[in-house]
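K.L.:
missing the sequence, but the structure's below:
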Ligand code: BGC
């Protein structure tokens, strides 16, 4: 069993969308456990550099690089993995975290809003998983490093089970991740590759700033969370580093909800 703070030593992680929010917290948490990290970003190079700098200060044993890539683009994702392998030799952990929202009532949703969200939030997760699988299969289990040949973590959402009118593109992508993740588990567990999802609830990041920045909508949101607070990105980072470690070795093909109870539908507490 690996020691705390060394649970991911000698491993390398790619974290997509790591220049802000949940991705940043995940990258920091993995590095704190000794993993090298590739901080992938799309537009926010300055954000990625800041995260890399913070990791260098905080986690002396972890190597860190930044790499631009559009996860919805096949060539770009291949380039991202090639970069990771060139820099650190191989990839052991893939956290597909990039996600966007382009919200609209369905009858007004443009094909561009639909395609962009499916492209980043679902196709992006397929493209990253595909590259990760090839690498993990080629490596096999290296007992000194980890009891698994590799770990894939999909960043899903409570909206893989909670329908979301006015955000149907987002909910459809997250619902799709369930079957992608479970199909990977079903087919690749025999190679000792683990594939799971984390489903955050309402987490304080830029994606939902409009909601938590306004008192009325923030209070409305809290009514949906039995635990009565939003998640901090670090709540998700802590789960990701554990899920990537051998401590969770027998967890495969499942979604871990990190949502303060949101999926317990608190609206039914005194109703229904
Ligand atoms: C969305 C957030 C939302 C949360 C709960 C997340 O997946 O990105 O905007 O607050 O789900 O509804």
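P.N.:
All right, it came through fine. None of these values were measured; they are calculated from a predicted model.
K.L.:
show me what from this structure comes close to the ligand.
P.N.:
Contacts of the chain with the ligand, taken as Cβ under 6 Å from any ligand atom, map to 101, 157-159, 201-202, 207-208. (Each C-beta comes from the backbone N, C-alpha and C, glycine too.)
K.L.:
wait, isn't residue 210 in contact with residue 218?
P.N.:
No. Counting by Cβ atoms under 8 Å, residue 210 does not reach residue 218; the two are 10.2 Å apart.
K.L.:
between these two, which one's more packed in?
P.N.:
Set residue 210 next to residue 218 and count neighbours by other Cβ atoms under 10 Å: residue 218 wins out with 14 against 10.
K.L.:
in whichever strand or helix holds the more buried one, what's buried?
P.N.:
Here residue 218 sits within helix 215-222, counting by DSSP states H and E. Neighbour-count burial for helix 215-222, with 16 or more other Cβ atoms under 10 Å as criterion, is recorded at 221-222.
K.L.:
show me the contact partners of the next helix or strand after it.
P.N.:
Later in the chain than helix 215-222, the nearest helix or strand by DSSP H and E is helix 233-244. Contact partners of helix 233-244, identified using Cβ atoms under 8 Å, 6 or more residues apart in numbering, comprise 7-8, 11, 13, 21-22, 24-26, 28-30, 32-33, 35, 93, 95, 151, 153, 155, 196, 198, 200, 203-205, 248, 251, 256, 258.
K.L.:
what ranges do the strands span in the stretch 51-200 of the chain?
P.N.:
Assigned by DSSP state E, counting those that start in this stretch, the stretch 51-200 of the chain shows strands spanning 64-68, 93-96, 150-155, 193-200.
K.L.:
dump those strands to TSV, plus mean pLDDT and distance to residue 238.
P.N.:
Formatted as TSV, the strands of the stretch 51-200 of the chain follow (pLDDT from 0 to 100; distance: least, Cβ to Cβ, whole Å):
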stretch	mean pLDDT	distance to residue 238
strand 64-68	98	19
strand 93-96	99	13
strand 150-155	98	13
strand 193-200	99	10
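K.L.:
right, so these: which one is the most enclosed?
P.N.:
strand 93-96 (a mean of 30; mean count of other Cβ atoms under 10 Å).
K.L.:
follow-up on the earlier one: which among the residues of the chain next to the ligand count as buried?
P.N.:
Applying 16+ other Cβ under 10 Å to the residues of the chain next to the ligand flags 157-159, 201-202, 207-208 as buried.
K.L.:
tell me the helices and strands packed up against the host helix or strand of residue 25.
P.N.:
Following DSSP H and E, one finds residue 25 within helix 21-32. Other helices and strands packing on helix 21-32, by 3 or more Cβ pairs under 8 Å, 6 or more residues apart in numbering; DSSP states H and E, are strand 12-15, strand 36-41, helix 45-58, strand 93-96, strand 150-155, helix 233-244.
K.L.:
now the second one and helix 45-58, what's the angle there?
P.N.:
With axes from the mean of the first three to the mean of the last three Cα atoms, to 10 degrees applied, the angle from strand 36-41 to helix 45-58 works out at 160 degrees.
K.L.:
for the helix holding residue 218, give the mean pLDDT please.
P.N.:
For helix 215-222, the mean per-residue pLDDT is 97.
K.L.:
hmm, who's touching it?
P.N.:
Against helix 215-222 from outside (Cβ under 8 Å, 6+ apart): 202, 210-212, 228-230.
K.L.:
same thing but at 6 Å, please
P.N.:
Contacting residues not belonging to helix 215-222 are listed as 202, 211-212, 228 [Cβ atoms under 6 Å, 6 or more residues apart in numbering].
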